[in-house]
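Curious how this folds, go ahead:
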Amino acid sequence: MSQLVNPENVTHYKDVPISGLSADSRLVTPGDIFAALPSVTPQGVDGRTFIQKAIENGAACILTLPGLGDIGVPVIENAAPRREYTRLAAKLFPGQPENMVVVTGTNGKSSTVEFLRQIWDFAGKKAACFGTLGIRTQDGLEPLTHTTPDAVTLHKTLSQLSARGIHFCGMEGSSHGLKQFRLDEVKPSAVAFTNLTQDHFDYHPDIEDYFQSKARLFHEIAPKNCSAIINVDSEFGEKMAILAEKSGLKVIRVGWAGEDIRIAEIMPKSASQRVDLVWDGKRVQIDIPLAGEFQILNVVTALGLAVQTGVEKAVALKAVQKLTGVSGRMERAGMSVTNAPIFVDFAHTPDGLEKLLRGVRPHTQGRIILVFGCGGDRDPEKRPIMGKIAAKLADTVIVTDDNPRFENPDIIRLSVLQGCPDADNIGDRKDAISFGISLLAKGDCLVIAGKGHESGQIIGDKVIPFNDAQIVREILA
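Numbers count the residues shown, from 1 in each chain. Here you go, the predicted model:
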């Protein structure tokens with residue numbers, strides 16, 4: 001224990017052997033430190049109620065807030081136990097790839113880190129990325145449970161990647177992970193901000209708290225002189241750029257309003273886009289084999305990150321012209337009998353849905369038919385807003401269920417329908433998709449939004465196997 005923590009910070013100190021660390025009393029094994037963490041939400045579970053259970057399972061030490069008293073084992077008392085939990089995780093599982101990149105923002109994180117990994121791969125770098133979709137390397141995809149995993153899983157993963165010879169790693173930084181100090185021991189050489197729009201208001205009390213949670217990456221975690229690639233197309237982007245500059249970071253502004261990498265023009269083709277960029281004052285033209293303007297925003301962020309981590313500009317520009325799309329991100333799941341494309345996308349926020357539909361429009365000659373819903377037990381305010389966006393930007397809207405969890409799905413759909421009263425209301429998601437496909441005529445396009453890569457529909461405490469792209473293929477078969 002003396003190698004992990006200062007004895008002065010431990011009550012009833014004994015230099016006992018430590019074999020592991022867990023915040024779940026059920027997973028504690030003899031010799032572990034049990035992190036009895038307070039709940040992050042009023043309705044959440046307080047880890048302190050499981051201290052006795054952890055001791056019964058063999059916990060050698062407890063990490064918790066001050067004031068626990070004598071419980072028969074050493075106690076690490078800390079006013080910020082989550083931060084200390086992360087520090088201990090990094091100590092127990094040392095090592096991380098030398099070139100770490102963290103990307104935060106409401107939308108675009110998964111695509112940006114995957115595009116960055118593909119650029120690194122093209123440039124001959126041994127690279128990985130992880131987040132919502134799992135851990136991806138040249139060897140394939142491994143699952144993860146959260147966008148930003150808990151500190152122990154995170155540092156185990158980074159340590160293992162480093163041991164496998166991975167030198168470049170991009171990861172998503174969620175607002176939850178940043179606010180809960182899970183990323184505090186990551187040592188980034190570059191960071192990025194994509195955008196900030198309404199999401200997670202079931203967790204964050206307001207937009208300012210949401211912004212400040214993400215801002216921790218730029219003024220508390222990233223070291224001075226670290227490169228920060230920031231999309232400045234919104235007031236939040238410029239606000240983050242100014243904050244990053246004040247923190248001593250090297251800021252690269254990108255986007256339509258970017259001073260360093262500026263999007264000058266996008267010319268949509270049937271399934272790709274020709275893009276004119278102005279990079280450091282020089283105009284370059286590239287062909288990106290992906291549809292949707294939002295993909296170009298992700299591409300320019302990935303380009304900035306790649307060059308700031310040592311990839312030559314010319315190599316990076318070649319690499320992005322060979323990009324492959326990310327699972328569940330404007331993924332073409334099939335073509336109807338009328339030769340109309342069917343796309344599956346993870347868009348589940350007002351901004352994400354708007355960007356998706358605006359991105360599809362230039363590639364669609366006929367109607368955009370949209371199937372979507374909103375998740376239960378999550379930010380109810382966005383439901384009618386998303387309904388309104390759907391009604392404005394799609395020609396035909398079908399409202400369906402999307403992970404209702406413990407809420408009544410009928411009530412969720414009615415809330416969405418406040419914004420799109422003329423939409424069809426079909427609760428069963430498979431039936432809704434089937435109906436959408438049946439409407440397709442030549443020149444139309446079907447967009448199925450909300451779940452993307454997800455492999456299950458969450459109803460109550462059960463996860464029913466369900467994947468939008470797979471359902472499309474079954475219906476078309």
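
mind listing the helices for the stretch 351-477 of the chain?
Counting by DSSP state H, counting those that start in this stretch, the stretch 351-477 of the chain has these helices, from start to end: 382-393, 409-417, 429-438, 468-476.

Which among these is found nearest to I166?
Checking the helices of the stretch 351-477 of the chain against I166 by CB to CB gives helix 468-476 as the closest, at 28.6 Å. To be clear about C-beta, it is placed using only N, CA and C from the backbone, and glycine gets the same treatment.

Return that closest one as PDB; C-alpha atoms alone will do.
Listed next in PDB are the C-alpha coordinates belonging to helix 468-476 (Å, rounded to 0.1, in the frame of the first residue of the first chain):
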ATOM      1  CA  ASP A 468     -31.500  -1.600 -37.000                       C
ATOM      2  CA  ALA A 469     -29.200  -2.600 -39.900                       C
ATOM      3  CA  GLN A 470     -29.800  -6.300 -39.300                       C
ATOM      4  CA  ILE A 471     -33.600  -5.700 -39.200                       C
ATOM      5  CA  VAL A 472     -33.400  -3.900 -42.500                       C
ATOM      6  CA  ARG A 473     -31.500  -6.800 -44.100                       C
ATOM      7  CA  GLU A 474     -34.100  -9.300 -42.700                       C
ATOM      8  CA  ILE A 475     -37.000  -7.300 -44.200                       C
ATOM      9  CA  LEU A 476     -35.300  -6.900 -47.600                       C
END
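
Buried residues in that helix, which are they?
D468, A469, I471, V472, I475 (16 or more other CB atoms under 10 Å).

can you give me the helices for the chain?
51-56, 81-92, 109-122, 151-163, 175-179, 207-216, 235-246, 293-308, 313-319, 350-360, 382-393, 409-417, 429-438, 468-476 (DSSP state H).

closest to V186 out of these?
Of these, the one closest to V186 (CB to CB) turns out to be helix 151-163, at 7.4 Å.

For F218, which non-adjacent residue is spatially closest?
Closest residue to F218 apart from its sequence neighbours, by CB to CB, 6 or more residues apart in numbering: A244 at 4.3 Å.

And the pLDDT at the one you found?
Looking at A244, its pLDDT reads 98.

And for L92?
If you check L92, the pLDDT there is 97.

For it, which non-adjacent residue is spatially closest?
Spatially, and ignoring its direct neighbours in sequence, L92 is nearest to L21 (5.6 Å; CB to CB, 6+ apart).

so how many other residues sit close to that neighbour?
Here the number of neighbours of L21 (other CB atoms under 10 Å) works out to 23.

on that earlier part again, which one of the helices of the stretch 351-477 of the chain is the most hemmed in?
Comparing the helices of the stretch 351-477 of the chain by mean neighbour count (mean count of other CB atoms under 10 Å), helix 382-393 comes out on top with a mean of 22.

just how off-centre is it within its chain?
Its chain's C-alpha centre and that of helix 382-393 lie 22 Å apart, by CA atoms, centre = their mean, to the nearest Å.

Which strands or helices does that helix pack on?
Judged by 3 or more CB pairs under 8 Å, 6 or more residues apart in numbering; DSSP states H and E, helix 382-393 is in contact with helix 350-360, strand 368-372, strand 396-399, helix 409-417.

which residues touch the residue lying closest to G258 once chain neighbours are set aside?
Leaving aside its chain neighbours, G258 sits nearest to V232 (6.1 Å; criterion: CB to CB, 6+ apart). The contact partners of V232, by CB atoms under 8 Å, 6 or more residues apart in numbering, come to E238, A241, R253, V254, G255, A257, G258, E259.
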